[in-house]
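*Asks:* let's see this in three dimensions:
(2 chains)
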Amino acid sequence: MSAYMRRAWIVVWKDVLSERRSKESLNALVFFSILLLFVFQFALGPERARVEAALPGLLWLGFILAGLLAFGRTFLVERENDCWEGLVLSPGDKSAIYLGKLAGNVLLMAVVEAVLLVLFAVFFGLDFTGVLPALCLVLALGTLGLAAVGTLFGAITAQLRARELLFPVLLLPAVVPILLGAVSATQSVILGQPLAEAAAWLKLLAAADLIYLVVGVLTFEFVLEG
Amino acid sequence: MAVRTLGWLAVLALVAGVATAFGYAPREVVQGNVQRIMYLHVPAVLTAYLAFGLVFLGSVGYLLTRRPGWDRLALAAAEPGVIFTGITIASGSIWGKPTWGTWWTWDARLTSTAVLFLVYVGYLLLRGMIDEPDRRARAAAVVGILGTANIPIVHFSVKWWRALHQPATILGPEPSPIAAPIALTLVVNWLAFTLLLLYLVAKRTEIARLEDLHAG
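*Replies:* The predicted model follows:
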């Protein structure tokens, strides 16, 4: 393993360890997902057909709302005990820290998404088992794009007074392509269409992921200076 | 002095633009006079794209050199960029009501222009919230770069999502089917808007420089 990957891995390991011990984000996020389910149910009413028609949008609405909470917190822990200075002073390419934080966010979102999918399946009586592999691919591509921008913008807004306001204002318009692509691809996958039907959207998601990752890797060191 | 000359050139060009739009360009057969909104709508959006290109240039320039002048360029271009995008959306809306029968529709180009507007409003909000100049410049540059890199992705995603607005006539791959007097009027107005943008950017850069001097 190269030194670069090792540094990224250390960041992931540190965040996972502190999350495992404090369970700060995950507990609240899972609870938040359950609340979202109630909100969706109340907003749409008891009719099953309506929920089913809106399902791809609801799923991604849930993911992005959870993501807004999760990504915005990415760098807040680093503000305590001069951790931020520690990151700035750490040797080597700073983008390793970005990739580490990004991987941590993707992991966290993967758990939240799994929970939300199970909740949807149970409470709305849906069956995802047949489409699960294809759905996982769409979720992975969409989540990577969301997290790539979210991690970068989370670092930018971590030091701001009005970060809770500014973070969604910056993030939401930037991830419009991810939302459009992911919702359309999820729609196609859930309807049981072959993956080739959603190929254009998957390619768009992959292209968006790539561009966001490249911008994040190239610019992160300037953000980290604080 | 050069800036002032540019300003007067912009005024002259805008007067010429208004004169050609109302005096020289023919009355459109189907839409009537309302089609003349095009001479505001199309130059405004082309100018907005140019402005966002300048934001990108200034952002990259700042991160590479750390010279405050690049950051001032990014700021000076972002503000008129947002205004011109706003003019594009407002004029398109006024044009859409009589021709399409609606003020707003979630068509591809309308949506992607609106997204662009929101991205750069967010950019300006971010700038307003950081006081320390170098930190502000770095944060804004990163958002500016991502915003511009995102333009093609937003464009294609929204295009595939919805396809009412006519495709691009002038910048499209086919030879333009547009009548010569209409095309000429467009070019005059486009030049006028570009001169206006350059004047605004030059003036705003100068004001930002004086502000920085004053703040010490």
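*Asks:* count of neighbours near residue 12?
*Replies:* If you meant another chain, say so; for now it's chain A. Close neighbours of A:Val12, defined as other CB atoms under 10 Å in any protein chain shown, add up to 18. Every residue, glycine included, has its C-beta placed from N, CA and C.
*Asks:* actually chain B
*Replies:* 12.
*Asks:* which SS state does it fall under?
*Replies:* Classification of B:Leu12 using DSSP: H, G, I helix; E, B strand; the rest coil returns helix.
*Asks:* list the contacts for residue 215?
*Replies:* All of this refers to chain A. A:Val215 is in contact with A:152, B:142, B:145-146, B:149, counting by CB atoms under 8 Å, 6 or more residues apart in numbering or on different chains.
*Asks:* actually chain B
*Replies:* B:Ala215 neighbours (CB under 8 Å, 6+ apart): B:Pro133.
*Asks:* how about the residues of chain B near chain A?
*Replies:* Applying CB under 8 Å from any CB of the partner chain, we find that chain B lies next to chain A at B:63, B:115, B:118-119, B:122-123, B:125-126, B:129-130, B:135, B:138-139, B:141-143, B:145-147, B:149-150, B:153-154, B:156-158, B:160-161.
*Asks:* buried ones among the residues you listed?
*Replies:* Buried members of these, scored by 16 or more other CB atoms under 10 Å in any protein chain shown, are B:63, B:115, B:118-119, B:122-123, B:126, B:129-130, B:135, B:138-139, B:141-143, B:145-147, B:149-150, B:153-154, B:156-158, B:160-161.
*Asks:* tell me the one of the contacts of A:Val215 nearest B:Val201?
*Replies:* B:Val201 lies nearest to B:Ile145 out of the contacts of A:Val215, by CB to CB, at 18.3 Å.
*Asks:* report pLDDT for the closest residue to the closest one other than its chain neighbours.
*Replies:* Spatial nearest neighbour of B:Ile145, excluding adjacent residues (CB to CB, 6 or more residues apart in numbering or on different chains): B:Ser59 at 4.9 Å. With respect to pLDDT, B:Ser59 has a value of 96.
*Asks:* can you mark which positions in the host helix or strand of B:Ser59 are buried?
*Replies:* Secondary-structure assignment from DSSP states H and E places B:Ser59 in helix B:38-65. By neighbour count with 16+ other CB under 10 Å, helix B:38-65 contains the buried residues B:38-52, B:54-63.
*Asks:* repeat for stretch A:189-199
*Replies:* Within stretch A:189-199, the residues that count as buried by 16+ other CB under 10 Å are A:189-190, A:197-198.
*Asks:* quick one, longest helix in chain A?
*Replies:* Criterion DSSP state H: the longest helix present in chain A is helix A:95-123.
*Asks:* report the contact partners of the residue nearest the centre of chain B.
*Replies:* Closest to where the C-alpha atoms of chain B average out (CA atoms, centre = their mean) is B:Ala48, at 1.0 Å. Counting by CB under 8 Å, 6+ apart, B:Ala48 touches B:81, B:84-85, B:88, B:116.
*Asks:* run the last query once more with 10 Å
*Replies:* Applying CB atoms under 10 Å, 6 or more residues apart in numbering or on different chains, we find B:Ala48 in contact with B:77, B:80-89, B:113, B:116-117, B:120, B:193, B:197.
*Asks:* one more: A:Ala148?
*Replies:* Contacts of A:Ala148 (CB under 10 Å, 6+ apart): A:71, A:98-99, A:102, A:105-106, A:175, A:178, A:208-217, B:146.
*Asks:* please pick the buried ones from the residues you listed.
*Replies:* Buried, going by 16+ other CB under 10 Å: A:71, A:98-99, A:102, A:105-106, A:175, A:178, A:208-209, A:211-213, A:215-217, B:146, out of those.
*Asks:* out of the contacts of A:Val215, list just those in helices.
*Replies:* Checking those against DSSP H, those in helices are A:152, B:142, B:145-146, B:149.
*Asks:* switch those over to CSV; also include pLDDT.
*Replies:* Shown next, in CSV, are these (pLDDT from 0 to 100):
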residue, pLDDT
A:Leu152, 95
B:Val142, 95
B:Ile145, 95
B:Leu146, 94
B:Ala149, 89
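*Asks:* quick one: low-confidence residue ranges for chain B.
*Replies:* Within chain B, the ranges that satisfy pLDDT under 70 run B:163-177, B:216.
*Asks:* count the neighbours of A:Gly92 for me.
*Replies:* Neighbour count for A:Gly92, taken as other CB under 10 Å: 11.
*Asks:* list the contacts for it?
*Replies:* A:Gly92 neighbours (CB under 10 Å, 6+ apart): A:3-4, A:6-7.
*Asks:* those helices in chain A, which residues are they?
*Replies:* In chain A, the segments counted as helices under DSSP H are A:3-22, A:24-44, A:48-73, A:83-89, A:95-123, A:132-157, A:163-174, A:176-190, A:199-224.
*Asks:* state the mean pLDDT of the shortest one.
*Replies:* Taken as a whole, helix A:83-89 has an average pLDDT of 87.
*Asks:* distance to A:Ala43 added to the contacts of A:Val215, as a markdown table?
*Replies:* Below are the contacts of A:Val215 laid out as a markdown table (distance: CB to CB, whole Å):
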| residue | distance to A:Ala43 |
| --- | --- |
| A:Leu152 | 31 |
| B:Val142 | 35 |
| B:Ile145 | 37 |
| B:Leu146 | 32 |
| B:Ala149 | 35 |
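*Asks:* looking at those, which is nearest A:Arg161?
*Replies:* Nearest to A:Arg161, judged by CB to CB, of the contacts of A:Val215 is B:Val142 at 18.7 Å.
*Asks:* picking that back up, out of the contacts of A:Gly92, grab the one that's most surrounded.
*Replies:* A:Arg7 (19 neighbours).
*Asks:* roughly how far apart are that residue and chain B?
*Replies:* Distance from A:Arg7 to chain B, counting by CB to the nearest CB, to the nearest Å: 21 Å.
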